[in-house]
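Okay, here's the prediction I keep looking at, along with the sequence it came from:
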Amino acid sequence: MTLQEIIDESKNIVFFGGAGVSTESGIPDFRSADGLYNQQHTYSPEEILSHSFYVSHTKEFYDFYRDNMLFLDAEPNSAHLKLAELEKAGKLSAVVTQNIDGLHQKAGSKNVYELHGSVHRNYCTKCRKFFGVEYVVNNTPVPECDVCGGVVKPDVVLYEEGLDSATIEGAVNAIANADCLIVAGTSLNVYPAAGFIKYFSGKHFVLINKDKTPADKLADLVIHGKVGEILSEIEVR
């Protein structure tokens, strides 16, 4: 079956996406040849983006975070827009994403489970006051709460931190109840997120990615290519 035929036949699609969904919006991924993890830094990105580094080197963390994790001018690409269109048409019930850029919501998607949080949510670690991303951008070097003086932390999941339990529960339930799961733009090498596909027991499992993944052999349909280019050809009907 083609992707169009699978989508036409399905009534409860869930989309599970990784960094490859946002690369066509100009946001670099992590693990490709020119990705973040293959660039030269004083510390490795994995170390900088860890909870312990955030605590012990807060200024250095924010220097890196502002330069490498914030892409506030990025716009949704054809993948984000098509998913929002599918949701509006009642075909797609949820987006589960490993991305923190907020582009699914910017495109119009309503039911989005952000496994790794969002750069657009930030909070004071002392009094829990909420701040938008502009506050983090404008208050250098380390953003501090304008009420209590506590350090403001992005609501993103760093290495050594656990995923939000309510987000996990919602994502797992959505995947478990789907009749079609489309996994796209992810290497499926990052756990626990990559393990979520094991909860799917529906009819059609589709994989879209530039490179091969460990789950290719499990999929009903594998398409190697750019996510936005492939989804842009789908007609919603």
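Looks like it came in fine.

Name the residues of stretch 54-69 that are buried.
Neighbour counts over stretch 54-69 (16 or more other Cβ atoms under 10 Å) mark 54, 57, 60-62, 64-65, 69 as buried. Just so you know, the C-beta spots here come from the backbone N, C-alpha and C atoms, and that holds for glycine as well.

Oh, that last question was meant for stretch 154-169, not what I typed.
For stretch 154-169, burial by neighbour count (16+ other Cβ under 10 Å) applies to 154-158, 164, 167-168.

which residues pair with residue 16 across the strands?
residue 96, residue 183 (DSSP bridges).

residues contacting the spatially most central residue of the chain?
Geometric centre of the chain, nearest residue: residue 99, 1.8 Å, by Cα atoms, centre = their mean. Contact analysis of residue 99 by Cβ atoms under 8 Å, 6 or more residues apart in numbering lists 17-19, 21-22, 27, 114, 116.

gap between it and residue 15?
12 Å (Cβ to Cβ, to the nearest Å).

Residue 177 now?
14 Å.

Report the distance from the longest helix along the chain to the chain centre.
Secondary structure assigned by DSSP state H gives helix 165-177 as the longest helix of the chain. In terms of Cα atoms, centre = their mean, to the nearest Å, the centre of helix 165-177 is set 15 Å apart from its chain centre.

Other residues contacting it?
Contacts of helix 165-177 (Cβ under 8 Å, 6+ apart): 12, 14, 16, 93-94, 96, 111, 113-115, 181, 192, 196-197, 199-201.

ok, of those residues, which come out buried?
12, 14, 16, 93-94, 96, 113-115, 181, 196-197, 200.

So for residue 177 and residue 15, which sits in the more crowded spot?
residue 15 (31 against 15; other Cβ atoms under 10 Å).

Surely the more buried one touches residue 184?
Yes - contact status for residue 15 versus residue 184: in contact at 6.9 Å, counting by Cβ atoms under 8 Å.

got the contact list for the closest residue to residue 117 other than its chain neighbours?
In this structure, residue 117 finds its nearest non-sequential neighbour in residue 156, 3.9 Å apart by Cβ to Cβ, 6 or more residues apart in numbering. Taking Cβ under 8 Å, 6+ apart, we find residue 156 in contact with 69, 100, 116-119.

Tell me which of the residues you listed fall in helices.
Per DSSP H, those never map to helices.

and which of these is nearest to residue 77?
Comparing the contacts of residue 156 against residue 77 with Cβ to Cβ places residue 100 closest, at 16.2 Å.

Now do the contacts for the closest one.
Applying Cβ under 8 Å, 6+ apart, the residues contacting residue 100 are 69, 114, 116-119, 156.

Closest to residue 213 out of these?
residue 116 (18.4 Å).
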